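Chemist: With the input below, show me the fold.
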Amino acid sequence: MITPLRTYLLAASAAAVFALPPQAAPAPGPAELARSIQQQYDKVRDFSASFEHRYRGGVLRKEAVERGTMQVKKPSRMRWTYESPERKVFVADGTRIYSYIPEDRQVIVAPVPAQGEATTPALFLSGHGSLPRDFEASFPAEPDPAPGTYSLKLVPHRREAEYDWLVLVVDRGTYRLRKLITADAQGGQSTFTFTDVRENVGIPDSAFRFTIPRGVDVVTHEQVRR
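Modeler: Numbering: from 1, shown residues only. Predicted coordinates:
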């Protein structure tokens, strides 16, 4: 089972990239492609998309499929709203992360990680990370079978607790992100598929405010870790 904080970290990974510049000839190598992604992301202030999140467990091999919408605004703001099959909300307001599953009647509150403590996806999302600096880029042995795409594998230079590697799947013609795949040490794999991506639309800060509902239990991250 994916915990709310784990979902946030995977979400941070998924939100780290979304649209890329027009293709140049000849086709770029993996390091060049990683630099192009970073350069394009540096130009983006905010973005939104619809997503499908498909998770396959490493031990039981069970698969779960969830769908929803997401919004991101630099620095360190995001909102992921899972709409089916179960409603879940994950909000980072720049200072705190709120994880809310209405069915559990519980809100988990954690601080946004400091720059020196965050995972590399969270650093990249907040505008402090760098794909060329933080990852070793290569082409995966088995690229995504979708025609007209590039697949780029990213292995973090610093060992991460939440994932072992990432794979980005992008259009060859437009370099727009189609998928973000993460894998963990237990063999679990998360695949985020994005549609209707919109960049620099002027998302207001109010979109990332979270009001704790009445009657729910509030649990701090320190309590969860005990």
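Chemist: Sketch out the low-pLDDT regions of the chain for me.
Modeler: Within the chain, the stretches with pLDDT under 70 are 1-26, 58-60, 115-127, 222-226.
Chemist: 80 instead?
Modeler: Within the chain, the stretches with pLDDT under 80 are 1-27, 37, 40, 58-61, 113-129, 161-162, 170-171, 173-176, 185, 221-226.
Chemist: how about the strands in it?
Modeler: Ranges of strands within the chain are 46-56, 63-73, 77-84, 88-93, 96-101, 106-111, 135-138, 149-156, 165-171, 177-183, 189-199, 217-220, based on DSSP state E.
Chemist: Tell me the strands beside the third one, with direction?
Modeler: Here strand 77-84 has these sheet partners by DSSP bridges: strand 63-73 (antiparallel), strand 88-93 (antiparallel).
Chemist: can I get these in a markdown table with distance to residue 163 and mean neighbour count?
Modeler: The way it works is simple: take the backbone N, C-alpha and C, and place the C-beta from them, glycine included. Formatted as a markdown table, the strands paired with strand 77-84 follow (distance: least, CB to CB, whole Å; neighbours: other CB atoms under 10 Å):
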| stretch | distance to residue 163 | mean neighbour count |
| --- | --- | --- |
| strand 63-73 | 17 | 18 |
| strand 88-93 | 17 | 21 |
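Chemist: Dump those into JSON lines; add distance to residue 57 as well.
Modeler: JSON lines is the format used below for the strands paired with strand 77-84 (distance: least, CB to CB, whole Å):
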{"stretch": "strand 63-73", "distance to residue 57": "8"}
{"stretch": "strand 88-93", "distance to residue 57": "18"}
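Chemist: Skipping its backbone neighbours, what lies nearest residue 90 in space?
Modeler: Nearest non-adjacent residue to residue 90, counting by CB to CB, 6 or more residues apart in numbering: residue 80, 4.4 Å away.
Chemist: now that neighbour: how far from residue 149?
Modeler: 24 Å (CB to CB, to the nearest Å).
Chemist: who has more neighbours, those two?
Modeler: residue 80 (24 against 19; other CB atoms under 10 Å).
Chemist: Return the residues in contact with residue 154.
Modeler: Taking CB atoms under 8 Å, 6 or more residues apart in numbering as the criterion, residue 154 is in contact with 34, 131, 135, 136, 137, 165, 166, 167, 168.
Chemist: So among those residues, which ones count as buried?
Modeler: 34, 131, 135, 137, 165, 166, 167, 168 (16 or more other CB atoms under 10 Å).
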